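Undergrad: With the input below, show me the fold.
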Amino acid sequence: MKKHLFIFMIFATAIVFAFLACKKETKPEPLPPPPTPAIDPSVIDAKNVRNSIDEIAHAAAIVHFYDYVNEITNSDVIAKGEFKNNGFKLTLPPYVRDGILVSMDMFEFENDFDFDISFILDLIEVNPPEAKGTRASITALDEEENAIGYFQYKGVNDLGTKQVVASYVYVDRAVSIKGNYSNSFNNVEVALLFDCSLKKGWNIVYRVMDVSITPLSTTFTITAKRPSDITWYWEFSGSVLQLEI
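TA: Coordinates of the predicted model:
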């Protein structure tokens, strides 16, 4: 009996050692990559601004609007911060007063383009149609609070065939903006695509210009989806950008 027990213990010990050896040889599963941190569209944190000048003292988020009482174009400074170390940080307010918002079906989308698109604006569908919004112009100020230029958040891919300009848009409710148009101009296919789903509050809206060589075509897309494979940067331009809405 003792002999059988001794043999059993040896056999059991061998199994345990074999199990531990197998366990050590098993490689752990690789961890998944960490998720990309979400971008807060109400916080603008600009670093390493290109083409900046010494005269810049502050950066300000300014909303332009039409004052129907006085029949003039007016503006509100909704956020301001010091320009230092070639950058700035702005926190946009969670609420923008209704008096400076416009109906999204009157929103001047043509400000996103360097050419006239007024002939296709009727093709853009805003849902719900009663949604209102505005956009912020990120403006450079000197010591006397004079506007001396503006900042833009831009991006480009490695080949230079995709270029992006971002803008900060506020809406008073969730809204979708859809529409598309295409045509041929001088043997170049040009397409415009509006595909935005915006949440209530601040959003980053991207104007993407995508150029293809074969066939020769250019696609402009207005979207709230952040393009991938893009090198992003902030850039200063020494002229006042007029964003009248």
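
Undergrad: how about the residue nearest the centre of the chain, secondary structure?
TA: In the chain, the centroid-proximal residue (C-alpha atoms, centre = their mean) is Ile204; its distance is 3.7 Å. Three-state call for Ile204 (DSSP: H, G, I helix; E, B strand; the rest coil): strand.

Undergrad: again, but for Leu192
TA: Leu192 ends up strand, using three-state DSSP.

Undergrad: backbone phi and psi for the residue nearest to the residue nearest to the centre of the chain when sequence neighbours are not counted, please?
TA: Leaving aside its sequence neighbours, Ile204 sits nearest to Pro41 (C-beta to C-beta, 6 or more residues apart in numbering; 4.6 Å). Where you see a C-beta, it was placed from the backbone N, CA and C, and this is true even at glycine. Phi and psi for Pro41, reported as degrees, to the nearest 10, are phi -70, psi -10.

Undergrad: Spit out the contact partners of Pro41.
TA: Counting by C-beta atoms under 8 Å, 6 or more residues apart in numbering, Pro41 touches Leu92, Tyr168, Gly201, Trp202, Asn203, Ile204.

Undergrad: Swap in 10 Å and give it another go.
TA: 92, 166, 168-170, 198-199, 201-205, 224 (C-beta atoms under 10 Å, 6 or more residues apart in numbering).

Undergrad: gap between it and Leu198?
TA: In this view, Pro41 and Leu198 are 10 Å apart by C-beta to C-beta, to the nearest Å.

Undergrad: Find residues that contact each of these two.
TA: Val169, Tyr170, Ile204, Val205, Ala224.

Undergrad: between the residues you listed, which has the most around it?
TA: Tyr170 (25 neighbours; other C-beta atoms under 10 Å).

Undergrad: and the helix or strand containing that residue, which residues are buried?
TA: Element membership for Tyr170 (DSSP states H and E) is strand 162-171. Within strand 162-171, the residues that qualify as buried are Lys162, Gln163, Val164, Ala166, Ser167, Tyr168, Val169, Tyr170, Val171, counting by 16 or more other C-beta atoms under 10 Å.

Undergrad: The residue lying closest to Phe88 once chain neighbours are set aside: how many residues sit nearby?
TA: Among residues not flanking Phe88 along the chain, Ala59 sits closest, at 3.9 Å (C-beta to C-beta, 6+ apart). Number of residues near Ala59 (other C-beta under 10 Å) recorded here: 25.

Undergrad: same thing with the one 4 residues further on?
TA: Here the neighbour count serves as a burial measure; for Val63 (other C-beta under 10 Å) it reads 23.

Undergrad: Can you list the buried residues in stretch 191-202?
TA: Leu192, Leu193, Phe194, Cys196, Leu198, Gly201, Trp202.

Undergrad: I'd assumed Asp40 was in contact with Leu92.
TA: Yes. Judged on C-beta atoms under 10 Å, Leu92 makes contact with Asp40 at a distance of 9.5 Å.

Undergrad: who's more crowded, those two?
TA: Using other C-beta under 10 Å, the more surrounded residue of Leu92 and Asp40 is Leu92, with 20 against 12.

Undergrad: got the contact list for that one?
TA: With C-beta under 10 Å, 6+ apart, Leu92 has these contacts: 40-44, 61, 63, 78-79, 136, 168, 170, 201-202.

Undergrad: now, which of those residues lie within strands?
TA: Of the positions in the contacts of Leu92, Val43, Ile44, Ala61, Val63, Ile78, Ala79, Ala136, Tyr168, Tyr170, Gly201, Trp202 sit in strands, assigned by DSSP state E.

Undergrad: Can you show me the strands along the protein?
TA: Going by DSSP E, the chain shows strands at 43-46, 58-67, 72-82, 88-91, 102-103, 125-127, 132-141, 147-156, 162-171, 175-185, 188-198, 201-212, 217-223, 231-237.
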